[in-house]
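[1] Got a predicted structure plus its sequence, pasted below:
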Amino acid sequence: MQHRLFSLLLSLTVTATGLSGCNSHWTEFRSHTSWSVDGVELNEEREIEFELDQIAGQDLSLELSLGSTIVRAGEFNRARLTVREYSPGDARIELRNGKLLLKTESGKPAVFAAADITISSPLNSLEVHSGSGAIEVGGIRIKQKLDLSTGMGSLDLHGDVEAGQVRLSSGSGEIQVHGLVCEELNASTGMGALTVRDCKSKASELESGMGDVELFDSDLGDLAVNTGMGSIELRQVRTSSKSLETGMGKIKDN
């Protein structure tokens, strides 16, 4: 698929075993930014609100080529999606085999431009993958795996998140983790700072190709930290074992 300047192609997938009930609320608004996909101008934009009635305890997975994603604690299980389409009302969302899909009456393309999801009860697992875009997760409980990755953009995990295995990866962008409790933490960024604060993990592997790694007030179990270029700083960090390596930079362990 060919893209021009200002073009955007997004795909959003939600996997929720047993998910069957969804209601939508449509709020339309225009945008003056010109986007095109396959030569088709997508000048209409609207927000769609989806109620995810049976997602509790299930697996949730999102995949976006471009665009920001927020997943946070809330009173309801609900997805709010921004959609770009060819003409007003052309696109509709379908839930098929556990996936949220965009279909159009005209047969022309439509895209997701952003996602904001609230979760009111624990999930079994959560995966969010974006080719380019920030990802923010706050205040939710994950029984098993939490996996967040973006090719370009920041990752922000905050607000007393609980999970089993946690994997955070950014090709280029800072990673911030605050208030996480988990079994295993694996966080890496190709270029950007990595900060961990007030966290607890039995095993932690942290890596930055180019950027500082700062760890504060945390219990990180078996700890391994590596940065190709940047400083490493630990303040009031408790570990079972630790390995601290930097190709170019200072190491401070207080």
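    Everything's here; your move. Numbering: from 1, shown residues only.
[2] Next, the residues that contact stretch 219-233 from outside, please.
    With Cβ atoms under 8 Å, 6 or more residues apart in numbering as the test, stretch 219-233 has contacts from 185, 193, 196, 199-215, 237-254. Any C-beta I mention is one placed from the backbone N, CA and C, and that applies to glycine too.
[3] Just the buried residues of that stretch, please?
    Of the residues in stretch 219-233, those scored as buried under the neighbour-count criterion (16 or more other Cβ atoms under 10 Å) are 219-221, 223-228, 230-233.
[4] What subset of the contacts of stretch 219-233 is buried?
    Using 16+ other Cβ under 10 Å as the threshold, 185, 193, 196, 199-201, 203-215, 237, 239, 242, 244, 246, 249 are the buried ones among these.
[5] Next, the contact list for residue 119, please.
    55, 60, 71-74, 77, 140.
[6] how close does it sit to residue 208?
    Plainly put, residue 119 is 29 Å away from residue 208 if you go by Cβ to Cβ, to the nearest Å.
[7] Helix, strand or coil: sort out the residue nearest to residue 152 when sequence neighbours are not counted for me.
    Nearest residue to residue 152 in three dimensions, chain neighbours excluded: residue 132, at 4.4 Å (Cβ to Cβ, 6 or more residues apart in numbering). Under DSSP: H, G, I helix; E, B strand; the rest coil, the three-state class of residue 132 is coil.
[8] Among the contacts of residue 119, which has the minimum pLDDT value?
    Across the contacts of residue 119, no position has a lower pLDDT than residue 55, which has 78.
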